[in-house]
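1. Here is a sequence together with a model predicted from it:
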Amino acid sequence: MPVVAVLGAQWGDEGKGRIVDLLAAKAKLVVRAGGGTNAGHTVINHLGTFKLHLVPAGIFDPNVLNVIGPGTVIDPAALLEEIASLRAAGIDTSNLMISERAHVVMPYHFQLDGLEESSRGANEIGTTRRGIGPTYVDKAARIGIRMGDLLHEETLLSRMTSVLEQKNKVLTRLYNAPADTAIHDTYLRYLDYGRQLEPFIRPIHPILQEALRQDQPILIEGNQGALLDVDHGTFPYVTSTATGSAGACQGAGLPPTALNGVVGIYKAYATRVGAGPFPTELHDATGESIRQVGQEFGTTTGRPRRVGWFDAVAARYAAEINGISTIALTKLDVLDDVETIRICTGYRFNDTQIDTLPSSVALLGKVEPIYEDYPGWMTPTRDARSIDDLPEAAQRYVRRISQLVGARLGLVSVGPSREQVIVLQTIF
Ligand code: GDP
Ligand code: IMO
Ligand code: MG
């Protein structure tokens, strides 16, 4: 039975939540691989509208075990709130598990995320200020606190004491900020979070291994997008994790050899939140109209998302780096009223054509996109349930995207709710 990774293949917000919610019906396990509350995954189904930040999008199916994997970073207060709001909506959360290896976002991580951003001035990354980067820094520096530590009073106190001593030096000497003197209160608060989350915190390795042994279908839910990957994205305007297929295996705790397929989710156009180069960005009325129709406002921060044309150079790069075998193309309906739709098929810089994504953001910020123009279909697509239901012009557009990306078209979504989708290939 397959293990399939479902990944964002642009700059995030491609519709991972809605695609995982759809595919979870055939899965036994959904594992969220990385990131933290910087993610915002929207699901609209028969149970309501949900904005998930840490809980995997398989939570709506009582037959699916949902794992917040070892590669994630967890703000326990936010997670408790998310669990409470799911319960309030009548969702059973007893099928949720948290890896004891996941790292904990502490108050000083939030503080440092804000201070680091402010100190960057004009070079701000535009992080979500959820403490994500600083938490991963501490993991790499081997001074992080893990979810399992919240269950052991002595370990927690001794780790917090030594880390806070260091953090206070950074806060006061580097940033002239007040020292964090609330260690005792913070300790008690985090111990309490640990007590509340204890029923969910487990060693997940045996569970994943058993699922593999029994050939059960497993979905890995990605976070952020391929172009925000810390190694392969538009560095330094990226998040702090490996958001691709290799990172998905690492973050989930599944061997790469177990992976049978990689679904890359692409929006039918492109968006980006936060700073960084975006060659196909639109600054005109068309861009504003797509933003309004597509409701392109951040799920986590509410920031307006930057909007642009589909960038096939970046899209193909994402597919190649991550071995994307299948495309899930989302939000096609948002282009229903656009008269001329463009696809970027190359970049130009100083009379030179560039066909791959440059590693330098200085260069990527200066390139001119080369476009192919497609006549819009000017017809609603939201009720299409098979490819033949789509207007000819829309079929041509999606087929051209598949050809340029170099992967087969598996799903096309034409609206935010679970049933608004065209299935061309079975994923499981
Ligand atoms: P994620 O972070 O990748 O899970 O994506 P987000 O949830 O942050 O953003 C995607 C947004 O697009 C959400 O508001 C979804 O409800 C919405 N959405 C997803 N698929 C479609 C679609 O096919 N059509 C429309 N109109 N909206 C969609
Ligand atoms: P989902 O999973 C879109 C962006 C931020 C910023 C950069 C670094 O919903 O697709 P961070 O807080 O991670 O240090 O911010 O990454 N970013 C996202 N953009 N969707 C996300 O998640 C994102 N998570 C982080 O806007 O540019
Ligand atoms: Mg999102």
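-> Looks like it came in fine. Ligands and ions are numbered 1, 2, ... in the order given.
2. Could I get the contacting residues of Y108?
-> Contact partners of Y108, counting by C-beta atoms under 8 Å, 6 or more residues apart in numbering, are 134, 163-164, 167, 171, 180. C-beta here means a position set from N, CA and C on the backbone, and glycine is covered the same way.
3. Excluding sequence neighbours, find me the nearest residue to the residue of the stretch 1-150 of the chain found nearest ligand 2.
-> Nearest residue of the stretch 1-150 of the chain to ligand 2: G12, at 2.5 Å (C-beta to the nearest ligand atom). Using C-beta to C-beta, 6 or more residues apart in numbering and skipping residues adjacent in sequence, the residue nearest G12 is G225, 4.2 Å away.
4. before we move on, could you check phi and psi at that neighbour?
-> phi -150, psi 170 (degrees, to the nearest 10).
5. count of neighbours near it?
-> Counted with other C-beta atoms under 10 Å, residues neighbouring G225 total 29.
6. Use 44 as the first number for this chain going forward.
-> Sounds good: first residue 44 from here, last item G268.
7. I'd guessed it sits against G51; true?
-> Yes: the pair G268 / G51 is scored as a contact, 3.3 Å apart, by C-beta atoms under 8 Å.
8. Report the set of residues contacting both of the two.
-> With C-beta under 8 Å, 6+ apart, G268 and G51 have common neighbours 57, 286.
9. Quick check, R385 in contact with D416.
-> Yes: R385 lies in contact with D416 (C-beta under 8 Å); the separation is 5.6 Å.
10. So between those two, which is more surrounded?
-> Shown here are R385 and D416; by other C-beta under 10 Å, R385 has more neighbours (18 against 10).
11. Let me see the ranges of the strands in the stretch 194-343 of the chain.
-> 244-245, 261-264, 302-310, 313-315 (DSSP state E, counting those that start in this stretch).
12. sorry, back to before: just checking, which of the contacts of Y151 comes out lowest on pLDDT?
-> When the contacts of Y151 are compared by pLDDT, D223 scores lowest at 84.
13. Spit out the contact partners of it.
-> 150-151, 154, 207, 210-211, 214, 229.
14. one step back: quick one: which of the contacts of Y151 has the most company?
-> Neighbour-wise, the contacts of Y151 (other C-beta under 10 Å) top out at P177, 26 neighbours.
15. ok, whichever strand or helix holds that residue near ligand 2 or not?
-> If you go by DSSP states H and E, P177 is part of helix 175-183. Yes: contact of helix 175-183 with ligand 2 (C-beta under 6 Å from any ligand atom) involves 175-176.
16. Show me how far that helix is from its chain's centre.
-> A distance of 17 Å separates the C-alpha centroid of helix 175-183 from that of its chain, computed with C-alpha atoms, centre = their mean, to the nearest Å.
17. and it, what other elements does it pack with?
-> strand 116-117, strand 146-147, helix 150-163 (3 or more C-beta pairs under 8 Å, 6 or more residues apart in numbering; DSSP states H and E).
18. SS state for N81?
-> Three-state call for N81 (DSSP: H, G, I helix; E, B strand; the rest coil): coil.
19. quick one: the closest residue in space to it that isn't next to it in sequence from T343, how far?
-> Counting by C-beta to C-beta, 6+ apart, T171 is the residue found nearest to N81 once chain neighbours are left out, at 4.2 Å. Going from T171 to T343 by C-beta to C-beta, to the nearest Å gives 5 Å.
20. These two: which has the busier surroundings?
-> Each of T171 and T343 has its neighbours counted (other C-beta under 10 Å); T171 has more, 24 against 18.
21. element containing the more buried one?
-> Going by DSSP H and E, T171 is not in any helix or strand.
22. residues contacting it?
-> 80-81, 317, 341, 343-344.
23. quick one: which of those residues is most hemmed in?
-> Counting by other C-beta under 10 Å, top hit in the contacts of T171: N81 with 27 neighbours.
24. quick one: that one and T282 touch, right?
-> Yes: between N81 and T282 a contact is recorded at 6.4 Å, counting by C-beta under 8 Å.
25. Spell out which residues are contacts of both of those two.
-> 170, 175, 267.
26. Residue numbers of the stretch 294-443 of the chain in contact with ligand 3?
-> With the criterion set to C-beta under 5 Å from the ion, the stretch 294-443 of the chain comes near ligand 3 through T342.
27. before we move on, what about the stretch 44-193 of the chain?
-> So the stretch 44-193 of the chain meets ligand 3 at 56, 83 (C-beta under 5 Å from the ion).
28. The same query, at a cut-off of 8 Å, please.
-> Listed as neighbours of ligand 3 in the stretch 44-193 of the chain under the rule C-beta under 8 Å from the ion: 55-56, 59-60, 82-85.
29. Could I get the buried residue list for stretch 316-336?
-> 316-325, 329-330, 333-334 (16 or more other C-beta atoms under 10 Å).
30. Same check on stretch 105-120?
-> 107-119.
31. Which single one of the residues you listed is nearest to ligand 3?
-> Set against ligand 3, the nearest of the buried residues of stretch 105-120 by C-beta to the ion is T115 (15.0 Å).
32. what's the pLDDT at the closest one?
-> Model confidence at T115 (pLDDT) stands at 98.
33. Would you enumerate the residues in contact with R346?
-> 169, 316-317, 340.
34. thinking again about what came up before, what two of the contacts of D223 are the furthest from one another?
-> Pairwise distances across the contacts of D223 (C-beta to C-beta) peak at 13.7 Å, for the pair L214 and T229.
35. one step back: measure how buried the residue of the stretch 44-193 of the chain closest to ligand 2 is and give me the count.
-> Around G55 there are 28 residues (other C-beta under 10 Å).
36. Those residues of this protein touching ligand 2, which are they?
-> Residues of the chain lying near ligand 2 (C-beta under 6 Å from any ligand atom): 51, 55-56, 81-84, 168-171, 173, 175-176, 266-268, 271, 282-283, 316-317, 342.
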